[in-house]
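1. Next comes the sequence, and after it the predicted model I'd like to discuss.
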Amino acid sequence: MAAATLRSVLRRNRLLPLFETCRLRDRLFFSSSVDAAAVTVGGTMSPDPHFMVEYLVNSCGFSPSEAAKFSKSLAHLRSTEKPDDVLNFMRSQGFDGAGIRKVISADPRYLCYNVEKNLAPKFQFLRDLGLSESDIVDAILKNNGILHYNVHRYLVPKLEMWESLLGSRELVLKHLKKSRWFFFSSVEKTLQPNLKFLRDECGIPEERVSVVLRSDPKFISQKPESLRALVARADELGMPRQSRMFVRTLVALHNVSKERFEAKVELMRSFGWSESEFSSAVRKSPTFLGISLDMFRRKVEFFINVVGYTPSFIASQPSILLFSLQKRVILRFRVTEMLKSKGLWTGQAKFTSILFFSDTKFMEKFVLPHKENVPELLDILRFAGTCKGNDTLHLASEDEEGLS
C-alpha cells in the first residue's frame with residue numbers, strides 16, 4: 001500500500017523514471033559504496049534530488065506525501081551518509097521514531113548536520129546543565145531551535161539572561177522542558193521594550209514582574225504591541241496599574257483569547273451578572289478567566305442551584321470559582337449537609353469560609369470528630385476518591401480541573 005502511494009506521488013510529480021533509476025543506484029551504493037545519488041551525464045556527476053523521498057519513508061517513517069515535501073530542502077545531498085549519522089545519533093540520545101519525525105518536520109535540514117560539530121555540542125551543553133536524557137528529549141521537542149544555535153555565542157548568553165529574569169537556573173530549565181518559544185525571544189526587539197514599558201509607562205516594579213514571570217515566562221515574550229493592547233484591556237476593566245493584581249490580570253488576559261473572554265462575559269450575562277460585576281470579579285480574581293466555559297458554567301450552576309448563592313454574591317466572591325468542583329466544592333457541601341441533617345453542625349461557619357480551609361483543617365473540624373457516629377462521611381470521601389482506608393483519611397490536593 002505504502003509503495004503504491006509513493007509511486008502515485010512520484011508519478012504526479014513526474015519523478016517516477018528518476019525514482020526507479022535511483023532505486024537501482026541505491027542498491028549499488030549499499031553494496032559497493034558507489035554514490036547512490038549521482039548519475040553520469042555528459043561526463044559530469046549530477047546529483048539526483050529525489051532519492052531522499054524513499055529514504056525519508058523507509059528510514060524515518062514519513063508518509064510518501066510528507067517525504068516528497070520535506071525532501072525539497074535536501075536536494076543537494078549526494079548520499080545518505082549525514083542523514084544516517086544524524087538518525088543514529090538521535091536514537092542513541094533517546095529519541096523514538098515520533099520524536100525524530102517531529103524534529104525533522106520542524107526543519108528537514110537537521111539531516112544535513114555534522115553530528116560532531118553541530119549536534120553533539122548542544123546535547124553536551126544540556127547534559128552539563130544537569131538535564132537527564134529524557135529531559136533533553138523533552139527540551140528539544142519543545143524548543144528544536146536549540147539545535148540551530150551556537151552554544152557559546154547564543155545559548156549560554158540566553159541562559160544567563162533568563163536566569164537573571166526568573167531568578168534561578170532551575171526555573172529556566174523547568175520552563176525549557178515544557179514551554180516553547182520563550183527562550184529564543186529577541187532581547188532587543190521584545191524583552192527589553194516590554195520590561196521598559198511595564199516599568200516606565202505602567203509603573204510596575206521589575207521585582208513584581210519577575211514574580212509573575214517565574215510561572216509564565218511566555219508573558220514577557222509576546223510582541224510589544226500585543227502587550228500594549230493587553231494593558232489597554234486591563235485599563236478598560238478598571239484595574240488600577242498600581243495594584244498588585246495588575247500584572248496578574250495582564251497574564252490572565254494574555255492566556256485567554258478575546259473571543260473566549262467575550263464568551264465568558266456573555267455566559268455571566270445569562271446568569272444575571274452586569275458588566276460592572278464581571279469587571280469587578282476579574283479585578284478581584286483574574287485567574288478565573290482561565291477556567292473553561294463548560295466548567296465555568298457547571299460551577300456557577302452548582303453554586304446557584306444547589307448551594308443557593310445569588311449571581312451577585314458569586315461575583316463578589318469570584319475566588320470560589322477556582323476550587324475543584326468535584327474534589328472540594330461538592331465534597332465539602334455534602335459533608336456539611338450530612339452533619340446538618342444529623343444535628344451535628346449548626347452552620348455558623350459560612351460555606352465560603354469552609355472552602356478556604358486547608359484539607360487538614362477541614363478533616364479535623366468536620367470529619368474526624370464524627371467518623372464513628374456518621375460513617376456516611378467516609379462513604380462521601382470514598383465516592384470522591386479522596387479517602388484511602390478507614391484510618392488514613394486524605395483529601396486530594398487541588399487539581400487543575402476546568403483550567404485551560
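-> Received it, and whenever you're ready, just let me know what you need. Only a predicted model underlies this, so the values are computations on that prediction, with no experimental measurement involved.
2. ranges for the strands of the protein?
-> Under the criterion DSSP state E, strands of the chain are mapped to 38-41, 44-47.
3. how far does stretch 285-303 sit from the chain's center?
-> Computed by CA atoms, centre = their mean, to the nearest Å, the chain-centroid distance of stretch 285-303 equals 21 Å.
4. Just the endpoints, please. Distance across it?
-> Stretch 285-303 has an end-to-end distance of 17 Å (CA to CA, to the nearest Å).
5. Contacts for that stretch, please.
-> With contact meaning CB atoms under 8 Å, 6 or more residues apart in numbering, stretch 285-303 is reached by 245, 248-249, 251-253, 255-256, 260-261, 263-264, 267-268, 271, 281-282, 309, 311, 314, 318-322, 325, 329-330, 401-404. C-beta here means a position set from N, CA and C on the backbone, and glycine is covered the same way.
6. Check stretch 166-178 too.
-> For stretch 166-178, the external contacting residues (CB under 8 Å, 6+ apart) are 129-131, 135, 138-139, 142-143, 159, 162-163, 182-183, 210, 213-214, 217.
7. Please spell out the ChimeraX selection for the buried subset of these.
-> A single ChimeraX command is used to select the members of the contacts of stretch 166-178 judged buried by 16 or more other CB atoms under 10 Å:
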select :129,131,135,138,139,142,143,159,162,182,183,210,213,217
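8. ranges for the helices of the stretch 51-200 of the chain?
-> Using DSSP state H, counting those that start in this stretch, the helices of the stretch 51-200 of the chain run over 51-55, 64-70, 81-92, 97-106, 120-128, 133-142, 156-166, 169-178, 192-196.
9. So for Glu372, which of those sits nearest?
-> helix 169-178 (45.0 Å; CB to CB).
10. I'd like the helices of the stretch 51-200 of the chain as CSV, with distance to Thr360 appended.
-> Putting the helices of the stretch 51-200 of the chain into CSV (distance: least, CB to CB, whole Å) gives the following:
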stretch, distance to Thr360
helix 51-55, 60
helix 64-70, 54
helix 81-92, 48
helix 97-106, 42
helix 120-128, 40
helix 133-142, 33
helix 156-166, 31
helix 169-178, 28
helix 192-196, 40
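11. shaky segments in this protein?
-> Judged by pLDDT under 70, the chain has its weakly predicted residues at 1-49, 348, 383-404.
12. 80 instead?
-> 1-50, 179-182, 346-349, 378-379, 381-404 (pLDDT under 80).
13. circling back: can you say which of the contacts of stretch 285-303 are buried?
-> Neighbour-count burial (16+ other CB under 10 Å) is assigned, among those, to 245, 248-249, 251-253, 255-256, 261, 264, 268, 271, 281-282, 309, 311, 314, 318, 320-322, 325, 329-330, 401-402.
14. Can you flag which of the contacts of stretch 285-303 belong to helices?
-> Here DSSP state H is the test, and the contacts of stretch 285-303 give 245, 248-249, 251-253, 260-261, 263-264, 267-268, 281-282, 311, 314 as lying in helices.
15. Just the closest of those to Ser65, please.
-> Within the ones in helices among the contacts of stretch 285-303, proximity to Ser65 (CB to CB) peaks at Arg260, which comes in at 34.2 Å.
16. how near is the closest one to Leu289?
-> Noted for Arg260: a distance of 8 Å to Leu289, by CB to CB, to the nearest Å.
17. Once you drop chain neighbours, what's closest to Phe89?
-> Leaving aside its sequence neighbours, Phe89 sits nearest to Val115 (CB to CB, 6 or more residues apart in numbering; 4.7 Å).
18. The one you found against Asp84, yeah?
-> No - contact status for Val115 versus Asp84: not in contact, 10.0 Å apart, counting by CB atoms under 8 Å.
19. And the helices of the stretch 51-200 of the chain: which comes nearest Val374?
-> With distances scored as CB to CB, the stretch of the helices of the stretch 51-200 of the chain nearest to Val374 is helix 169-178 (43.3 Å).
20. hey, C-alpha coordinates of the closest one in PDB?
-> Presented in PDB, the C-alpha positions along helix 169-178 are these (Å, rounded to 0.1, in the frame of the first residue of the first chain):
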ATOM      1  CA  ARG A 169      18.700  28.300  36.500                       C
ATOM      2  CA  GLU A 170      16.300  25.600  37.800                       C
ATOM      3  CA  LEU A 171      13.300  27.600  36.800                       C
ATOM      4  CA  VAL A 172      14.700  28.300  33.300                       C
ATOM      5  CA  LEU A 173      15.300  24.600  32.800                       C
ATOM      6  CA  LYS A 174      11.800  23.700  34.100                       C
ATOM      7  CA  HIS A 175      10.200  26.000  31.600                       C
ATOM      8  CA  LEU A 176      12.600  25.000  28.800                       C
ATOM      9  CA  LYS A 177      11.300  21.400  29.100                       C
ATOM     10  CA  LYS A 178       7.600  22.300  29.000                       C
END
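21. Which positions in it come out as buried?
-> Taking 16+ other CB under 10 Å as the neighbour-count basis, helix 169-178 is seen to contain the buried residues Leu171, Val172, Leu173, His175, Leu176, Lys177.
22. tell me the two of those residues that are most distant?
-> Leu171 and Lys177 (11.1 Å).
23. can you pull the buried residues of stretch 297-313?
-> By neighbour count, with 16+ other CB under 10 Å as the criterion, the buried positions of stretch 297-313 are Arg297, Arg298, Lys299, Val300, Phe303, Ile304, Val307, Tyr309, Pro311.
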